[in-house]
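[1] 3D model of this:
(one chain, ligands or ions: 1)
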Amino acid sequence: MYCRVRIGKKGGYGLERILEIENISLQFGGVKALDNVTYHINKGEIFSLIGPNGAGKTSMLNCISGLYHPTSGSILYKGKDITKMKPYERTSLGIARAFQNIALFAHMSVLDNLKLGKHSLMKSGVFSGGLYIGKASKEEIEHRQKVEEVIEFLELQDIRHTPVGTLPYGLQKRVEVGRALALRPELILLDEPMAGMNNAEKELMSRFILDMHEMMDTTVVLIEHDLGVVMSLSDHIAVLDFGKRIGFGTPKEIQQNPDVIKAYIGEETVM
Ligand SMILES: Nc1ncnc2c1ncn2[C@@H]1O[C@H](COP(=O)(O)OP(=O)(O)OP(=O)(O)O)[C@@H](O)[C@H]1O
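    Next up, the predicted model:
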């Protein structure tokens, strides 16, 4: 089974904050999807967002990636206020996201899907990008290199030319994670990357998550319903319930938190 390893981590691990969520609220008509939520994520850690269905987890990820703008509160990324930034601006700062509902082009190959992920980030603009000249060409070559590294890292070599839509669901999820990872983000947001997977597939994805964090130094934010996976992978966890933060701490602290235990009573789950 997967387990936490900390071999070769640089000194100072966990001291620097990469993301600060300050009093975030998000309202949809009468629904408070997020209600004054505050927590922070340290650079280099695996951080999980958990909570019952409808608790506000995906809404929170949408606020971090810029798809939603919070009604109030602020989000700081490496000390910079990104609350009002557009999604592509956040991507260019080093934040990438893999979606819960796979956001790939089904008829295109694994390779082409991974290559496309970068286009939101190309610094050189549409025209030079289209002509493949100068800076665009250099960026294209560099990104191709990163795509190849991701194909090797996520063990996608055998299916690189396969249309994504013909792949089993577990592999499609892996390609979706790869699309985000090919951007070489400092902060990767993974929305239920193991949903619908069997135990063997979950174990493999857990290893990839540990490796992307250990080998690529990526800070990982994970939404996951399997609490066994969450407890074994995470450095810190924030727990949401009805949009409110009801817990924030280490896996051990979360397991002992009476509010968290109460929120999960009635769910078929053992913490
Ligand atoms: N675009 C939207 N418009 C209206 N209501 C929304 C929207 N997005 C989310 N909500 C509402 O906000 C609340 C939180 O939803 P959210 O999807 O963030 O929860 P979640 O914790 O990710 O749930 P799940 O585990 O089921 O994916 C829910 O009541 C949901 O119906």
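[2] out of everything not next to it in sequence, what's closest to residue 173?
    When the adjacent residues along the chain are set aside, residue 173 lies closest to residue 193, with 5.8 Å between them (C-beta to C-beta, 6 or more residues apart in numbering). C-beta coordinates here come from the backbone N, C-alpha and C atoms, glycine included.
[3] and the one you found, how many neighbours does it have?
    A count of nearby residues for residue 193, using other C-beta atoms under 10 Å, gives 25.
[4] got a list of what it touches?
    98, 173, 176, 177, 205, 209, 222, 224 (C-beta atoms under 8 Å, 6 or more residues apart in numbering).
[5] which stretches of the stretch 101-250 of the chain have low pLDDT?
    Within the stretch 101-250 of the chain, the set of residues satisfying pLDDT under 70 comprises 119-136.
[6] Where do the strands of it begin and end?
    Along the stretch 101-250 of the chain, the stretches classed as strands by DSSP state E, counting those that start in this stretch are 187-191, 219-223, 236-241, 244-249.
[7] Please tabulate those strands in TSV and include mean neighbour count and distance to residue 60 as additional columns.
    Compiled in TSV, these are given as follows (neighbours: other C-beta atoms under 10 Å; distance: least, C-beta to C-beta, whole Å):
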stretch	mean neighbour count	distance to residue 60
strand 187-191	24	10
strand 219-223	24	8
strand 236-241	24	7
strand 244-249	19	10
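[8] With distance to residue 76 added, can I get these in JSON lines?
    Rendered in JSON lines, the data for those read as follows (distance: least, C-beta to C-beta, whole Å):
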{"stretch": "strand 187-191", "distance to residue 76": "12"}
{"stretch": "strand 219-223", "distance to residue 76": "14"}
{"stretch": "strand 236-241", "distance to residue 76": "16"}
{"stretch": "strand 244-249", "distance to residue 76": "17"}
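[9] related to what we said a few turns ago, out of the contacts of residue 193, which one sits closest to residue 147?
    Sorting the contacts of residue 193 by distance to residue 147 puts residue 177 at the head of the list, at 13.4 Å, by C-beta to C-beta.
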